[in-house]
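**Student:** Task: produce atomic coordinates for the following.
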Amino acid sequence: MDQKDEKDINHKAGEDKGTHEEPKKKKKKDEIVDELNNVLQEKEEVIKTLQEKLLYLQADFDNFKKLKIKEKQDTLKFGNEVLIKELLPVLDNLERALDHSSKTKDFQGIHEGVKIVFNEFLKVLERAGVERVDALGKKFDPNFHEAFFQEEKENVEPDTVVSEMQKGYMLNGRLIRPSMVTISKKPEIQ
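**Tutor:** Here you go, the predicted structure:
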């Protein structure tokens, strides 16, 4: 056997080996592709499930937002209901006092009746968290008082509230109207 014949035999053997290996490689590739397709299908199902859950959650959240908006509107609309219910008897008493005043000349009795209604009104406001600003005789405090006049006072410390034009009020610790006050100052030396 010459060298050429030997090469032909080796080449043929290599071809036979290659033809056997190609179907094996192709089979392995097909298996990998099938496996990847299965994994892909599983992932797509997971994504679909998650998308459905997300849609449900979005719908639930939208409903929750609508409910909260309605609750807020109701709170704004009817938030004063308790206070108004407590003020209605005060209004009733004022009507009775007006009715009584038109039938009598007993001004002392009318004055006493109005005073009772006034105190009742203040109690309702106190229960609602309203309190008066204490001003008279106190040192002027711009956080609670609004000075509209200065009056010379010899025996009073300067910047002391000596009279109140209009009462100040606080609601649950927050100032809603300052007291309008007159404050003292030292007399000018002549």
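**Student:** could you show me where the strands are in the protein, in order?
**Tutor:** 130-132, 145-152, 161-166, 169-171, 174-177, 179-185 (DSSP state E).
**Student:** And the longest one, what does it pack against?
**Tutor:** Using 3 or more Cβ pairs under 8 Å, 6 or more residues apart in numbering; DSSP states H and E, the elements in contact with strand 145-152 are strand 161-166, strand 179-185. Where C-beta positions appear, they are placed from N, C-alpha and C, glycine not excepted.
**Student:** Among these, show me which one is buried the most.
**Tutor:** strand 179-185 (a mean of 20; mean count of other Cβ atoms under 10 Å).
**Student:** Need the strands of the chain in CSV (columns: mean pLDDT).
**Tutor:** CSV is the format used below for these (pLDDT from 0 to 100):
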stretch, mean pLDDT
strand 130-132, 94
strand 145-152, 94
strand 161-166, 95
strand 169-171, 95
strand 174-177, 96
strand 179-185, 95
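**Student:** Dump those to a markdown table, plus distance to residue 28.
**Tutor:** Below are the strands of the chain laid out as a markdown table (distance: least, Cβ to Cβ, whole Å):
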| stretch | distance to residue 28 |
| --- | --- |
| strand 130-132 | 85 |
| strand 145-152 | 91 |
| strand 161-166 | 95 |
| strand 169-171 | 81 |
| strand 174-177 | 78 |
| strand 179-185 | 93 |
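**Student:** I'd like to know which of those strands is closest to residue 54.
**Tutor:** Nearest of those to residue 54, taken as Cβ to Cβ: strand 174-177 at 43.1 Å.
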